[in-house]
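> Give me a 3D structure for the following:
(chains A, B, C and D)
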Protein chains: 2
Amino acid sequence: MGRARATREQIIEAADRLFYRQGYEHTSFAAIAEAVQISRGNFYYHFKTKDDILAAVIDARLAERRRMLERWEAEEPTPAGRIRKYIEIPLTNRADVQMYGCPVGTLSTELAKLNHASFAEANSVFTLFRTWLREQFALLGHESEADALAMHVIAFSQGVATLANAFRDEGFIWREVKQMSDWLTAYE
Amino acid sequence: MGRARATREQIIEAADRLFYRQGYEHTSFAAIAEAVQISRGNFYYHFKTKDDILAAVIDARLAERRRMLERWEAEEPTPAGRIRKYIEIPLTNRADVQMYGCPVGTLSTELAKLNHASFAEANSVFTLFRTWLREQFALLGHESEADALAMHVIAFSQGVATLANAFRDEGFIWREVKQMSDWLTAYE
DNA sequence: GTCTATAGACCGATAGAC
DNA sequence: GTCTATCGGTCTATAGAC
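Residues are numbered from 1 along each chain as shown, chains lettered A, B, ... in the order given. Model (predicted):
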């Protein structure tokens, strides 16, 4: 049981990484199996279909982001400090962002085009951020516009990620994050 | 000769549409051939490889966007009015944007993940916008920061498109475009 | 008769699935 | 390990305009 669980998690980890770097559709069973160094037969013991793996990857991402937000709440005493943590994501992950874009945004974009059943599930990561940011803005005393501000911050992040990916320009990320961080001071 | 040209352009048109709606990799020869109502054999008379079609689609998009910018220059006498036209794109195309995102951004994102040779070519549409917006900001007297402002506007557009696609929220587009339009007045 | 445009059988490789 | 579907891509035959 412990062994099966470890293998299962290795598969999810490898799939997560490959879906992010190569896209969901472009990633084959064989590629994941090879990355985990297991046979395809063993593979099917853990996941019956590719959609099953996708669902597991999305669940894992959701759980990981939840933990990240909890960590931020422990580290940053003020709502503004927490929002700033979110704004800085493209900078914190700049190497990956330039190479592969945002994991959440690019998966959402791909699943939208595939008309995939897990499209809504994948967007629940966006919703997690949206709800959390909304809370932080509400704590800052901007209840009535909290949701619009939350969406604005996420949109900023997505725009920066997409262009940083297209142009592979780190200076651009620095400038945009600085600007957004300055914008936030008006709401502190 | 005239017949061939018509067929060729029909193929490019159908491929453009399908690449946008379903993604490049997810769109098969068979799907394009069916959309144009020709056989797959005929198809290969006009394009040898799938990459050839992609290149033709990118060229067509570049030409189309160039014409659009020229149209805007004719219609809008002021640089600010022209920039505003760009800012309003997500609103103008809101139905498609909500369903399929931005054609330029989503193709760039997909080709980045596929490590596709035409990645740079696809981004030339971004560069077209970037150069054009930079010129408009320079005309407004903001030469030193013109490029950063151009990138900022494109990033805004990409962020709005990605989130509008994920949440299928038209109100969000209206709010963001309004906000960005107001932001622009500070530079007029 | 020639050339353009079209059709469709066919190929090897690889995909997801069992 | 195998099965079936489908992928991108090649090849040949031929219909029709000139």
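
> If you count contacts, what does the helix or strand of chain A with the lowest mean pLDDT end up packed against?
Among the helical and strand segments of chain A, the one scoring lowest on mean pLDDT, DSSP states H and E is helix A:40-46, with a mean of 85. In this structure, helix A:40-46 packs against helix A:2-22, helix A:29-36, with contacts taken as 3 or more C-beta pairs under 8 Å, 6 or more residues apart in numbering or on different chains; DSSP states H and E. Where C-beta positions appear, they are placed from N, C-alpha and C, glycine not excepted.

> I'd like to know which of these is closest to DNA strand C.
helix A:29-36 (3.8 Å; C-beta to the nearest atom of the strand).

> Got the confidence number for residue A:113?
With respect to pLDDT, residue A:113 has a value of 97.

> Need the nearest residue in space to it, chain neighbours excluded.
In space, residue A:113 comes closest to residue B:23 once its chain neighbours are excluded; the distance is 4.1 Å by C-beta to C-beta, 6 or more residues apart in numbering or on different chains.

> what sits up against the strand or helix carrying residue A:182?
Residue A:182 is located in helix A:170-185, with elements delineated by DSSP states H and E. Identification of contacts with helix A:170-185 by C-beta atoms under 8 Å, 6 or more residues apart in numbering or on different chains yields A:80, A:83-84, A:87-88, A:90-91, A:94, A:97-98, A:153, A:156, A:160, A:163-164, B:148, B:151-152, B:155.

> Buried residues, it. List them.
Using 16 or more other C-beta atoms under 10 Å in any protein chain shown as the test for burial, helix A:170-185 gives A:172, A:173, A:175, A:176, A:177, A:180, A:184.

> Return the alpha-carbon coordinates of that helix using PDB.
Extracted C-alpha coordinates of helix A:170-185, given in PDB (Å, rounded to 0.1, in the frame of the first residue of the first chain):
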ATOM      1  CA  GLU A 170      13.000  39.000 -17.500                       C
ATOM      2  CA  GLY A 171      13.300  42.800 -17.400                       C
ATOM      3  CA  PHE A 172       9.700  43.000 -18.500                       C
ATOM      4  CA  ILE A 173       8.600  40.900 -15.500                       C
ATOM      5  CA  TRP A 174      10.600  43.000 -13.100                       C
ATOM      6  CA  ARG A 175       9.000  46.200 -14.400                       C
ATOM      7  CA  GLU A 176       5.500  44.900 -14.400                       C
ATOM      8  CA  VAL A 177       5.700  43.400 -10.900                       C
ATOM      9  CA  LYS A 178       7.200  46.600  -9.600                       C
ATOM     10  CA  GLN A 179       4.400  48.600 -11.200                       C
ATOM     11  CA  MET A 180       1.700  46.400  -9.800                       C
ATOM     12  CA  SER A 181       3.300  46.400  -6.400                       C
ATOM     13  CA  ASP A 182       3.200  50.200  -6.400                       C
ATOM     14  CA  TRP A 183      -0.400  50.200  -7.600                       C
ATOM     15  CA  LEU A 184      -1.300  48.100  -4.500                       C
ATOM     16  CA  THR A 185      -0.100  50.800  -2.100                       C
END
